[in-house]
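Visitor: Give me a model of this one.
(chains A and B)
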Amino acid sequence: GAGVSQTPSNKVTEKGKYVELRCDPISGHTALYWYRQSLGQGPEFLIYFQGTGAADDSGLPNDRFFAVRPEGSVSTLKIQRTERGDSAVYLCASSPQGLAGVNEQYFGPGTRLTVT
Amino acid sequence: GNSVTQMEGPVTLSEEAFLTINCTYTATGYPSLFWYVQYPGEGLQLLLKATKADDKGSNKGFEATYRKETTSFHLEKGSVQVSDSAVYFCALIDSNYQLIWGAGTKLIIKP
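Guide: Numbering: from 1, shown residues only, chains lettered A, B, ... in the order given. Model prediction:
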């Protein structure tokens, strides 16, 4: 079946602009995660959705970052007034459940964001 | 807090060599442990996992054993192939369902 998809695959934007990154999780997966990965580092947790609600947004670095999942499937990560330090690969993952345990997270290919 | 430490790369080996990538963790309780792999140009994929002490995860010839006494989860493979060239990430899942990641180890296999 289809995996997690993310669009666009690459995004170049100017400092100060607004960007939206989209994630389509695997059908039926209730949990959805956003991570940010900088070069040479492991993914950094940003936010986790269980259904439509953000169960944990403690990883969002500041109020310029926001994410929604209005119908419990597709999610959009929104970044306002982008800064050069926001440049990274933004990863989305989904899993059948969001409870603690061994639920595997399935990752999308990521969106590479470059802020010039 | 919880953390994962893995050996720095790149690790360069010849084909058919034995592989070990070290991973140690710090965590409260007994987290589940994972190895993820990221092939060039692809997304992260779960390679193997272990949920409790002394469990051995295995997949595609790779193995890792959950060692509570040494808080380790080292990745091993007896004979590597060029196609194993990738970045390998060790991770744990904490009581808040968050994946805590190591920095990744780049593996380069030369024919």
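
Visitor: Could you check the pLDDT of the residue in chain B that chain A sits nearest to?
Guide: The minimum distance from chain B to chain A, using C-beta to the nearest C-beta, falls at B:W101 (3.0 Å). From N, CA and C alone the C-beta is placed, and that goes for glycine too. If you check B:W101, the pLDDT there is 92.

Visitor: ok, now which ones touch it?
Guide: By C-beta atoms under 8 Å, 6 or more residues apart in numbering or on different chains, the contact set of B:W101 is A:G42, A:P43, A:E44, B:V4, B:F89, B:C90, B:A91.

Visitor: try 10 Å
Guide: A:35, A:37, A:41-45, B:3-4, B:6, B:34, B:36, B:44, B:89-92 (C-beta atoms under 10 Å, 6 or more residues apart in numbering or on different chains).

Visitor: try A:P70
Guide: A:P70 sits in contact with A:T52, A:T76, where contact means C-beta under 10 Å, 6+ apart.

Visitor: a helix runs through it, doesn't it?
Guide: No: looking at A:P70 with DSSP: H, G, I helix; E, B strand; the rest coil, it is coil, so not inside a helix.

Visitor: okay, how far is it across stretch A:63-83, tip to tip?
Guide: Taking C-alpha to C-alpha, to the nearest Å as the measure, stretch A:63-83 stretches 13 Å from start to finish.

Visitor: Can you give the distance from that stretch to the centre of its chain?
Guide: From the chain centre to the centre of stretch A:63-83 is a distance of 8 Å (C-alpha atoms, centre = their mean, to the nearest Å).

Visitor: Any regions of the chain where pLDDT drops low?
Guide: All of this refers to chain A. A:1, A:98-103 (pLDDT under 70).

Visitor: I was thinking of chain B, sorry if that wasn't clear
Guide: Residues of chain B that meet the cut-off, pLDDT under 70, sit at B:96.
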